[in-house]
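1. quick one, fold the following:
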Amino acid sequence: MSHTIHGKQKLINRVRRIRGQIEGIEKALHDEKDSSVILQDIAAVRGAINGLMAEVLEGHINHHVLDPETTLTSEQTEATKVLLELIRTYLR
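-> Model (predicted):
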């Protein structure tokens, strides 16, 4: 996965923030916090995971599905933009 090497530290930082959020959920459960607070934290983690998924998936599409050595037509470029926007919207 050569495309993840370029943004490796950025991705690792995102994973560490997600880990911190999950540890926060564990602590909230342990401390018997209100369920509405825990649910909000779970939703935040889900959003963070989806954002990470979208970023890695975008890199995968750009570096493995599309040939980086090939020049795309304007139609292919537009179709790629639309696909990536749909992915981002879906994973929100």
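2. now for Asp41, how many residues are close by?
-> The criterion is other CB atoms under 10 Å. On that basis, Asp41 has 19 neighbouring residues. C-betas here are computed from N, CA, C, even on glycine.
3. show me where pLDDT drops low in this structure?
-> For the chain, residues meeting the criterion pLDDT under 70 lie at 1-5.
4. give me the element the residue most central in space within it is part of.
-> For the chain, the residue whose C-alpha lies nearest the mean C-alpha position (CA atoms, centre = their mean) is Leu52; its distance is 1.7 Å. Element membership of Leu52 [criterion: DSSP states H and E] is helix 35-60.
5. tell me which residues of that helix come out buried.
-> Under the neighbour-count criterion of 16 or more other CB atoms under 10 Å, helix 35-60 has 38, 41, 45, 48-49, 52, 54-56, 58-59 buried.
6. repeat that for stretch 10-29.
-> The neighbour-count criterion (16+ other CB under 10 Å) identifies 11, 14, 18, 21, 24-25, 28 as the buried residues of stretch 10-29.
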